[in-house]
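1. missing the sequence, but the structure's below:
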Ligand SMILES: [Zn+2]
(Lines give C-alpha, C1' and ligand atoms only; values in the text may rest on other atoms or scores of the structure.)
Protein backbone atom coordinates (compact mmCIF):
# COMPACT_ATOMS: atom_id res chain seq x y z
CA UNK A 1 0.00 0.00 0.00
CA UNK A 2 1.19 3.53 -0.70
CA UNK A 3 2.27 5.47 2.34
CA UNK A 4 1.49 9.15 2.97
CA UNK A 5 4.76 10.05 1.26
CA UNK A 6 3.82 8.24 -1.93
CA UNK A 7 1.99 9.98 -4.75
CA UNK A 8 -0.40 7.91 -6.82
CA UNK A 9 -1.60 8.86 -10.26
CA UNK A 10 -3.70 7.07 -12.85
CA UNK A 11 -2.95 7.31 -16.54
CA UNK A 12 -3.27 5.35 -19.79
CA UNK A 13 -0.15 4.30 -21.69
CA UNK A 14 -0.53 2.62 -25.10
CA UNK A 15 -4.08 1.60 -24.21
CA UNK A 16 -3.12 0.10 -20.85
CA UNK A 17 -4.48 1.50 -17.56
CA UNK A 18 -1.47 2.43 -15.49
CA UNK A 19 -1.24 3.42 -11.85
CA UNK A 20 1.96 5.31 -11.18
CA UNK A 21 3.19 5.16 -7.60
CA UNK A 22 5.98 7.61 -6.90
CA UNK A 23 7.97 6.63 -3.89
CA UNK A 24 10.37 8.88 -2.05
CA UNK A 25 12.14 5.85 -0.60
CA UNK A 26 12.75 4.30 -3.98
CA UNK A 27 16.14 5.40 -5.31
CA UNK A 28 16.65 4.17 -8.86
CA UNK A 29 14.76 1.00 -9.72
CA UNK A 30 11.43 0.84 -11.52
CA UNK A 31 9.18 -2.17 -11.14
CA UNK A 32 5.71 -3.13 -12.25
CA UNK A 33 3.00 -5.66 -11.51
CA UNK A 34 -0.59 -6.36 -12.51
CA UNK A 35 -3.30 -5.44 -10.02
CA UNK A 36 -7.07 -5.53 -10.69
CA UNK A 37 -6.64 -5.08 -14.41
CA UNK A 38 -4.24 -2.17 -14.04
CA UNK A 39 -0.51 -2.09 -14.37
CA UNK A 40 0.98 -0.67 -11.18
CA UNK A 41 4.37 0.92 -11.85
CA UNK A 42 6.59 1.90 -8.93
CA UNK A 43 8.98 4.75 -9.69
CA UNK A 44 11.37 6.89 -7.65
CA UNK A 45 9.73 10.23 -6.81
CA UNK A 46 12.86 12.12 -7.78
CA UNK A 47 12.76 10.84 -11.37
CA UNK A 48 12.05 13.51 -14.00
CA UNK A 49 8.63 13.36 -15.68
CA UNK A 50 10.28 12.79 -19.08
CA UNK A 51 12.28 9.86 -17.77
CA UNK A 52 9.23 8.51 -15.95
CA UNK A 53 7.24 8.67 -19.21
CA UNK A 54 9.88 6.60 -20.99
CA UNK A 55 9.86 4.05 -18.18
CA UNK A 56 6.06 3.75 -18.24
CA UNK A 57 6.14 2.90 -21.95
CA UNK A 58 8.98 0.44 -21.41
CA UNK A 59 7.17 -1.35 -18.57
CA UNK A 60 3.89 -1.52 -20.52
CA UNK A 61 5.74 -3.04 -23.49
CA UNK A 62 7.60 -5.52 -21.31
CA UNK A 63 4.53 -6.73 -19.47
CA UNK A 64 2.46 -6.96 -22.67
CA UNK A 65 5.18 -8.97 -24.43
CA UNK A 66 5.50 -11.38 -21.53
CA UNK A 67 1.72 -11.79 -21.24
CA UNK A 68 1.51 -12.49 -24.97
CA UNK A 69 4.15 -15.19 -24.66
CA UNK A 70 2.37 -16.79 -21.71
CA UNK A 71 -0.93 -16.88 -23.56
CA UNK A 72 0.55 -18.73 -26.55
CA UNK A 73 -1.50 -21.85 -27.19
CA UNK A 74 -0.35 -25.22 -28.50
CA UNK A 75 -1.74 -24.19 -31.91
CA UNK A 76 0.37 -21.01 -31.88
CA UNK A 77 3.38 -23.12 -31.03
CA UNK A 78 2.64 -25.57 -33.85
CA UNK A 79 2.27 -22.70 -36.35
CA UNK A 80 5.55 -21.20 -35.19
CA UNK A 81 7.29 -24.58 -35.56
CA UNK A 82 6.14 -24.83 -39.19
CA UNK A 83 7.38 -21.28 -39.87
CA UNK A 84 10.79 -22.08 -38.37
CA UNK A 85 10.98 -25.33 -40.33
CA UNK A 86 10.30 -23.44 -43.57
CA UNK A 87 12.78 -20.70 -42.75
CA UNK A 88 15.72 -22.72 -41.44
CA UNK A 89 15.18 -26.37 -42.43
CA UNK A 90 13.72 -25.90 -45.93
CA UNK A 91 10.42 -27.17 -44.56
CA UNK A 92 11.81 -30.71 -44.24
CA UNK A 93 10.88 -31.13 -40.56
CA UNK A 94 7.11 -31.52 -40.25
CA UNK A 95 5.90 -32.18 -36.71
CA UNK A 96 2.53 -33.91 -36.22
CA UNK A 97 1.98 -32.23 -32.85
CA UNK A 98 3.66 -29.48 -30.85
CA UNK A 99 2.56 -28.69 -27.33
CA UNK A 100 3.49 -27.13 -24.01
CA UNK A 101 3.99 -29.45 -21.06
CA UNK A 102 4.36 -28.60 -17.40
CA UNK A 103 5.80 -31.95 -16.35
CA UNK A 104 9.25 -31.49 -17.83
CA UNK A 105 11.69 -30.36 -15.18
CA UNK A 106 15.04 -31.50 -16.51
CA UNK A 107 14.74 -30.62 -20.18
CA UNK A 108 13.63 -27.56 -22.18
CA UNK A 109 12.13 -29.63 -24.93
CA UNK A 110 11.76 -33.15 -26.21
CA UNK A 111 10.92 -34.86 -29.43
CA UNK A 112 9.60 -38.32 -30.35
CA UNK A 113 10.52 -38.98 -33.98
CA UNK A 114 8.28 -42.08 -34.04
CA UNK A 115 5.06 -40.08 -33.89
CA UNK A 116 6.72 -36.73 -34.84
CA UNK A 117 5.61 -35.08 -31.61
CA UNK A 118 7.41 -32.17 -29.94
CA UNK A 119 6.95 -30.95 -26.39
CA UNK A 120 8.24 -27.73 -24.87
CA UNK A 121 8.59 -27.03 -21.18
CA UNK A 122 6.23 -24.44 -19.70
CA UNK A 123 9.24 -22.78 -18.06
CA UNK A 124 10.19 -21.38 -21.48
CA UNK A 125 7.05 -19.23 -21.54
CA UNK A 126 8.66 -16.45 -19.55
CA UNK A 127 11.76 -16.38 -21.77
CA UNK A 128 12.41 -14.24 -24.86
CA UNK A 129 10.84 -15.37 -28.14
CA UNK A 130 14.21 -16.05 -29.77
CA UNK A 131 15.05 -18.54 -26.99
CA UNK A 132 11.73 -20.38 -27.46
CA UNK A 133 12.39 -20.37 -31.23
CA UNK A 134 15.78 -21.96 -30.67
CA UNK A 135 14.34 -24.80 -28.56
CA UNK A 136 11.59 -25.37 -31.16
CA UNK A 137 14.16 -25.44 -33.95
CA UNK A 138 16.38 -27.77 -31.93
CA UNK A 139 13.53 -30.26 -31.51
CA UNK A 140 12.52 -29.88 -35.16
CA UNK A 141 16.07 -30.76 -36.19
CA UNK A 142 15.78 -33.93 -34.09
CA UNK A 143 12.99 -35.06 -36.40
CA UNK A 144 15.77 -35.20 -39.00
CA UNK A 145 18.84 -36.07 -36.89
CA UNK A 146 18.60 -38.06 -33.65
CA UNK A 147 21.90 -37.24 -31.88
CA UNK A 148 23.99 -34.12 -31.29
CA UNK A 149 26.68 -34.88 -33.86
CA UNK A 150 28.10 -32.48 -36.47
CA UNK A 151 25.22 -33.29 -38.87
CA UNK A 152 22.73 -32.15 -36.22
CA UNK A 153 24.45 -28.82 -35.47
CA UNK A 154 24.98 -28.19 -39.18
CA UNK A 155 21.20 -28.10 -39.57
CA UNK A 156 20.93 -25.31 -36.97
CA UNK A 157 23.71 -23.13 -38.37
CA UNK A 158 21.27 -20.85 -40.20
CA UNK A 159 19.65 -19.67 -36.98
CA UNK A 160 21.32 -16.30 -36.24
CA UNK A 161 20.94 -16.40 -32.45
CA UNK A 162 22.04 -20.02 -32.02
CA UNK A 163 24.95 -19.43 -29.66
CA UNK A 164 23.20 -16.62 -27.81
CA UNK A 165 20.16 -18.81 -27.15
CA UNK A 166 22.28 -21.74 -25.99
CA UNK A 167 24.20 -19.39 -23.68
CA UNK A 168 20.96 -17.94 -22.32
CA UNK A 169 19.63 -21.40 -21.42
CA UNK A 170 22.93 -22.46 -19.89
CA UNK A 171 22.83 -19.32 -17.76
CA UNK A 172 19.31 -20.09 -16.56
CA UNK A 173 20.30 -23.68 -15.75
CA UNK A 174 23.33 -22.54 -13.80
CA UNK A 175 21.33 -19.92 -11.89
CA UNK A 176 18.64 -22.45 -10.95
CA UNK A 177 21.26 -24.96 -9.81
CA UNK A 178 19.62 -27.57 -12.03
CA UNK A 179 21.32 -29.54 -14.74
CA UNK A 180 18.77 -28.73 -17.40
CA UNK A 181 19.77 -30.01 -20.81
CA UNK A 182 18.78 -28.90 -24.28
CA UNK A 183 17.99 -32.42 -25.49
ZN1 LIG B 1 18.87 -32.23 -28.62
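-> On my side now, so go ahead. Everything quoted here is computed from the prediction, not taken from an experiment.
2. Have a look at this structure and report its longest helix.
-> In the chain, assigned by DSSP state H, the helix with the most residues is helix 49-70.
3. That one: which residues count as buried?
-> Going by neighbour count (16 or more other CB atoms under 10 Å), the buried part of helix 49-70 is 52, 55, 56, 59, 60, 63, 69. Yep, even glycine has a C-beta here, placed from its N, CA and C like the rest.
4. so what's the spatially most central residue of the chain up against?
-> Centroid-nearest residue in the chain: residue 127, 2.4 Å away (criterion: CA atoms, centre = their mean). Taking CB atoms under 8 Å, 6 or more residues apart in numbering, we find residue 127 in contact with 69, 168, 172.
5. okay, who's weakest in those residues by pLDDT?
-> Confidence by pLDDT is poorest for residue 69 among the contacts of residue 127, given 73.
6. Once you drop chain neighbours, what's closest to that one?
-> Distance criterion CB to CB, 6 or more residues apart in numbering; nearest residue to residue 69, sequence neighbours excluded, is residue 125 at 5.6 Å.
7. Look at the one you found and tell me its secondary structure.
-> When classified by DSSP: H, G, I helix; E, B strand; the rest coil, residue 125 comes out as helix.
8. wait, isn't it in contact with residue 100?
-> Yes - at 7.3 Å, residue 125 counts as touching residue 100 under the criterion of CB atoms under 8 Å.
9. circling back: residues contacting the longest helix of the chain, please?
-> With contacts defined as CB under 8 Å, 6+ apart, helix 49-70 is touched by 11, 13-14, 16, 18, 20, 22, 30, 32, 34, 39, 41, 43, 47, 125-127, 129, 132.
10. could you say what helices and strands the following helix or strand past it packs with?
-> Once the chain leaves helix 49-70, the next helix or strand it forms, by DSSP states H and E, is helix 74-88. Other elements packing on helix 74-88 under the criterion 3 or more CB pairs under 8 Å, 6 or more residues apart in numbering; DSSP states H and E are strand 97-101, helix 129-142.
11. and residue 176, which of those is closest to it?
-> Proximity to residue 176 (CB to CB) singles out helix 129-142 among the helices and strands packed on helix 74-88, at 14.6 Å.
12. so the closest one versus strand 97-101, what angle?
-> Here the directions of helix 129-142 and strand 97-101 differ by 130 degrees (axes from the mean of the first three to the mean of the last three CA atoms, to 10 degrees).
13. Let the chain start at 28 from now.
-> All set: I'll call the first residue 28, so the last point we hit is now helix 156-169.
14. can you pull the buried residues of the next helix-or-strand element following helix 156-169?
-> Sequence order places helix 177-183 as the next helix or strand after helix 156-169, per DSSP H and E. Going by neighbour count (16+ other CB under 10 Å), the buried part of helix 177-183 is 182, 183.
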